[in-house]
Every structure is written in structure tokens, then in C-alpha cells.
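[1] Everything below, folded, please.
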Amino acid sequence: MYRWLLDFYHGYLVVMAQGKRLEALLNRAAATGIYLWGIRRPAPGRLLFRVRGKDFPRLRPAFRRCGCRGKILHRSGLPFLLRRLLQNKGRWLGLAFFITAIQVLASFVWVVGVAVENGELPGEPRIREELREIGVRPGVSRGKIKKAHERILEELTIAFPEAAWIDVELRGVVVLVTMVGKTPPPAEEEGPGDIVAAKEGLVSEVIVLEGTPLVKAGDMVSRGDLLILGEKILPRREGGFISQPVRADGIVKARVWYEQKIEEPLVIWRPVRGPRERVVFSLRWRDRVFPFYRRDRISGMVLWERHTKRICRGRNQMNLVELIKDIYSEVSWMKVRVSPEEALAKARREAARELSFLLPEAAAVKNRREEWETGEDFLTYRLVVETLEDIAQLAVSTRERQEEPGEDRNRETAPEAGNGQASGI
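    Numbering: from 1, shown residues only. Here you go, the predicted structure:
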């Protein structure tokens, strides 16, 4: 490889010599210190060899003394390549101008796109007008947009306060402005309502903002139990009391317990890498993969491992060309006994992961208790977590649910009374 690069750098000639004293020609070249390689005899009286371009003039006296004729069949190498390039100056100057023009044109913004999503936002013409005033328009350099990115976002945020999210993205010669409008929160339901327990727990604190409390600290409640009644007791001027339906509101903090039970095996099957492996080299260009070298063959179950190396980076930080090396190793399965410490650590991680989906974000963990038991083939792990959280949940008023059947009965009995009067008349 090194020799080939050296010959290409200096340049070499493929020469055909004709004559009767070809051996004398080779001896004289060796005596002169001229290096010849790739020597072969295609036909009687003819000889093909390669020689560096700078050594060929020194070889001409040897041709004359040996009575041979030499003919250059091919010129190769960097010096001859540069000479051919310089002979077509106009073509290469045009190519250089074309590449320069493309690079210059690619340094400007030519398209400004606007995308509006959700919410009540002004129309696209209004947004484009504001962008032109800020300085985002076709013909602006990409470097100017990059430097003023933060300023553009600030000015757009001030100009469109009804937008919840604004993004200005530079994609080549395109500037894409995306706006997402604010979505109004859902309207709160009106009317009376009760506070019920969202989960089972031991009440530790009750704060009533509206309604009548039905539980106190120390009470054990289950899911769905009534905590704060959606009624308000008001005194009458004539004496006595009257109940008025209200929308119950308040905070009911309770101690809640969560339990997770995990069984972790103590005997598992693990893959063991074998001595034989198969290597595949591939070249990825964009979304296509071209394998170009494979070594060895294996069969059965394999373990796959991939190594990649980026060769050429594409536009917008995309890996355009990549060299991929895939290693497929033979795998045999071995029965392994796991230590109780390793199984316990894995069970703890699994229990913590499952509890992370159950615990609310506002819950405060007060206590953790764990137990485990080791059997012959399994380790049983039990985790109990105690939290303090608000279990209050708004529900439809019980008074409304009780009145609905009564209203139906009144509507049903009204026609019967009317029929009775009509028959009496």
C-alpha cells in the first residue's frame, strides 16, 4: 500500500520496449540505478515494464546503445493528472465558479415557511408581515438569522402574546416558523358536588373550605367514601336551620400504603460467547446499506454486536456515509445460579420502578418497609411504602342522586292523579 502511494505521488510510465537485446537493456538500467518493476514479456522481442517518469529520460541512452526502441503506452500518477487538469483550465474554472456560486447561494435564506397550530392566532399574512419587520425575509444571510435567533424569538413572543410556544428553525435555505396557540383550560363544572376518597387510607388532617365534613383525623376510609358533604347548614330568621347545596371544596390528607411483591429467580440461563465468529463489513450511504466484505460462516444462535464509524457528515448534521462492522458470535446457553445479593438488588430495582408509576408526584414518602425470603429457586421480595397525600376527589352531589328518582316518581304520579279527577267528575 505504501509503495503504491509513493509511485502514484511521483508518477510512473508503462513502457513497451522492442528489440533483440532486451536483457542488455535491463542490465544497463540496473547498472545506472533506474528502478523498473512490473516486468513481463507479452511476446517474443517485446518487453513491458514500469518506470518512474523522472527516470525515463535517463533510460533513453540505454535504448540507443542496445538497439532497442521504446514506446510509452500509459502515463499514471499525480504529476500527469495535474498536467491534464491544467490543460483544461476553462472547464475547471467553470466548475470552480459553479461550486462557489452554489455555496454563496446556499448561505442565504430563500424560503420563509409559517406553520400555525391550535388556538386562536392571527392569520399567516399578519405573521409574515411581522417577520419582515423583524428582518426574517428571503435574501437574508443564514449567519444573520443564527446570530439573531434569540432576538427573533423575543420579538415574536412580544408581538404574539396569545402564542403558547414559538420556534424558529433554520433548515438549509428555509426558515420555518412554528407557532402553537394557547389552549384554554376546560371550563369547570358548575353545580353542587361532594368530596369523596380517591383511595383507601387513614385520615390525618381535614381542611374544609366549603361543605360539611363527615370524617375526622384518625378515621379509616375506603375508596369512594364520602368525606365532605356538598351541603351548607344556614340558620333561619324564624328559627331552625336550612340546608343549601354547595360545591364542596377542601383538603383531606391521609396516610396511604402501597405494596409491591416481586419474585426473582435464583437460577437463570445466560448466553456464553463461543470461539467462532463471523465479521461483515458494510458501507451505509443515507438509508441504504452495501455489504462489501464477509469473513467466516457460523450457524445456530448468535450474539450480534455492531460498531460504526462515520466517514462523511451530511448536511444538517446527518451522518451521510458510515462504515459498519457487524460481529456475529456463536452462543451457547449455560445454567447459572444467581447469588441472593444480586437477586435482591434486581428485585429492589424492579419494585422501585413499578412503584414509580403508582405514586403521585405530590405524595410525600413517610416510611419504607421491605421484607424478603430466599427459597430454593426464587427470592420473594415485598416492599411497603407509606405516603402522606391528598385523597380528596370531587364527585356528583349525593343529594342530586337522591332527588332524581323522586322527580321521576312525581312525573309518573301526576298523570294518574289527573285521570282519577277526570273519572270522579
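[2] Next up, the contacts around Ile242.
    Each residue near Ile242 by C-beta atoms under 8 Å, 6 or more residues apart in numbering is listed here: Ile233, Leu234, Pro235, Arg236. All C-beta spots, glycine's among them, are computed from the backbone N, C-alpha and C.
[3] Out of those, list just those in helices.
    In helices, judged by DSSP state H, none of the contacts of Ile242 are found.
[4] what's the span of stretch 40-48 from first residue to last?
    Its first and final residues considered, stretch 40-48 spans 5 Å by C-alpha to C-alpha, to the nearest Å.
[5] repeat for stretch 232-248
    OK, stretch 232-248 end separation, C-alpha to C-alpha: 9 Å.
[6] what does stretch 103-114 give?
    25 Å.
[7] Go ahead and name everything in contact with that stretch.
    Contacts of stretch 103-114 (C-beta under 8 Å, 6+ apart): 124, 127-128, 131, 136-143, 145, 170, 172-177, 179.
[8] Narrow those to those in strands?
    Among the contacts of stretch 103-114, DSSP state E puts Leu170, Val174, Val175, Leu176, Val177, Met179 in strands.
[9] quick one, what contacts the fifth one?
    What that stands for is Val177. Val112, Gly113, Val114, Ala115, Ile127, Leu131, Val136, Leu156, Ile166, Asp167, Val168, Glu169.
[10] quick one: the fourth one and Val180 touch, right?
    No: at 9.1 Å, Ala115 and Val180 do not qualify as touching, with contact defined as C-beta atoms under 8 Å.
[11] When the two are compared, which one has more neighbours?
    Higher neighbour count among Ala115 and Val180: Val180, with 16 against 13, using other C-beta atoms under 10 Å.
[12] Show the contacting residues for the more buried one.
    Val180 touches Glu117, Asn118, Gly119, Ala163, Ala164, Trp165, Ile166, counting by C-beta under 8 Å, 6+ apart.
[13] Looking at those, which two lie furthest apart in space?
    Asn118 and Ile166 (12.8 Å; C-beta to C-beta).
[14] With neighbour numbers in mind, choose between the two.
    Ile166 (16 against 13).
[15] And the average pLDDT for the helix or strand encompassing that one is what?
    Taking DSSP states H and E as the criterion, Ile166 maps to strand 163-171. The average pLDDT for strand 163-171 rounds to 87.
[16] One more: stretch 391-398?
    Rounded mean pLDDT across stretch 391-398 is 80.
[17] With just CA atoms, put it into PDB.
    Taking C-alpha atoms only, stretch 391-398 is exported to PDB below (Å, rounded to 0.1, in the frame of the first residue of the first chain):
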ATOM      1  CA  ILE A 391     -57.100  11.800  48.700                       C
ATOM      2  CA  ALA A 392     -59.900  14.300  48.200                       C
ATOM      3  CA  GLN A 393     -61.800  13.900  44.800                       C
ATOM      4  CA  LEU A 394     -64.800  15.800  43.600                       C
ATOM      5  CA  ALA A 395     -67.900  13.800  42.800                       C
ATOM      6  CA  VAL A 396     -71.600  14.400  41.900                       C
ATOM      7  CA  SER A 397     -73.600  15.500  44.900                       C
ATOM      8  CA  THR A 398     -75.400  12.700  46.700                       C
END
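[18] what does it contact?
    191-199, 201, 221, 226-230, 245, 247-248, 250-254, 256.
[19] now swap in stretch 332-350 and tell me
    262-272, 274, 370, 372, 374, 379, 381, 383.
[20] hmm, try it at 7 Å
    Here stretch 332-350 makes contact (C-beta atoms under 7 Å, 6 or more residues apart in numbering) with 262, 264, 266-272, 274, 372, 374, 379, 381.
[21] and those residues, which are buried?
    Buried by 16 or more other C-beta atoms under 10 Å: Ile262, Glu264, Leu266, Trp372, Leu379, Tyr381, out of these.
[22] Going by neighbour count, list what's buried in the strand holding Ile166.
    Ala163, Ile166, Val168.
[23] before we move on, the earlier item: in JSON lines, list the buried ones among the contacts of stretch 332-350 along with pLDDT.
    JSON lines is the format used below for those (pLDDT from 0 to 100):
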{"residue": "Ile262", "pLDDT": "92"}
{"residue": "Glu264", "pLDDT": "92"}
{"residue": "Leu266", "pLDDT": "90"}
{"residue": "Trp372", "pLDDT": "92"}
{"residue": "Leu379", "pLDDT": "92"}
{"residue": "Tyr381", "pLDDT": "94"}
